[in-house]
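> How does the following fold in three dimensions:
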Amino acid sequence: MTEHEQTGRPVPWREANPEAYAELKRTWGVIGHSSVLMVLSLSLIGTSLTLGYLHWPGWLETSARLGASGAAVCCGAVGLWRLVRALFRSVRAALRTRRRGAEGKAQGETVKESVPEAATAAGSS
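Numbering: from 1, shown residues only. So this is what the prediction gives:
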């Protein structure tokens, strides 16, 4: 007998699917980190654009702009990669949970059907 049948209250989704819940929780953390990397990337782009107003020697300005632009591209790429990977994992975990739920229901139906048959077979012998 399940907890739902014993207490009469529905089991929260996160308790019924701990693996998918953990993956979603991890995804929210990655989304936060990716957002920080994206903001850092935008900040570095702004820094790169602002360096032209400092009137540094040409080679120093060029080096600073290239460094800031490179760092911006790296931060943006890493943030985007982590975000896409985390979202893909969350969708995969949700689909896996849905499949397991469907399989569990199908197995539960066969068990419920086989129990009365076994009881009638035992009673008739």
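
> any idea how far T27 lies from S69?
Note on T27: its distance to S69, by CB to CB, to the nearest Å, is 30 Å. C-beta coordinates here come from the backbone N, C-alpha and C atoms, glycine included.

> neighbour count winner among those two?
The residue with more neighbours, out of T27 and S69, is T27; 19 against 16, by other CB atoms under 10 Å.

> Helix or strand: which one has that one?
T27 belongs to helix 18-50 when elements are defined using DSSP states H and E.

> Name the next helix or strand downstream of the helix or strand of the chain with the lowest mean pLDDT, please.
Every helix and strand in the chain was compared by mean pLDDT, DSSP states H and E; the lowest is helix 3-7, with a mean of 59. The helix or strand immediately downstream of helix 3-7 is helix 13-16, counting by DSSP H and E.

> who touches that next one?
Outside helix 13-16, the residues that touch it by CB atoms under 8 Å, 6 or more residues apart in numbering are Y21.

> what comes up buried for that helix?
For helix 13-16, a neighbour-count test (16 or more other CB atoms under 10 Å) marks nothing as buried.

> For the remainder of this discussion, apply numbering that starts at 159.
Fine by me, first position is 159 from now on; the one you just mentioned is helix 171-174.

> Now do that helix, average pLDDT.
Averaged across helix 171-174, pLDDT comes to 80.

> now do stretch 249-268
Along stretch 249-268, the predicted confidence averages to a pLDDT of 74.

> Stretch 204-213 too?
For stretch 204-213, mean pLDDT rounds to 84.

> how distant is it from the center of its chain?
With CA atoms, centre = their mean, to the nearest Å as the basis, stretch 204-213 stands 37 Å off its chain's centre.

> Show the end-to-end separation of it, please.
Its first and final residues considered, stretch 204-213 spans 16 Å by CA to CA, to the nearest Å.

> Then stretch 202-216?
Between the opening and closing residues of stretch 202-216 lies a distance of 19 Å (CA to CA).

> and it, which residues are buried?
Neighbour-count burial for stretch 202-216, counted by 16+ other CB under 10 Å, picks out 202-203, 205-206, 209.

> repeat for stretch 242-256
Under the neighbour-count rule (16+ other CB under 10 Å), stretch 242-256 has 244, 248, 251, 255 buried.
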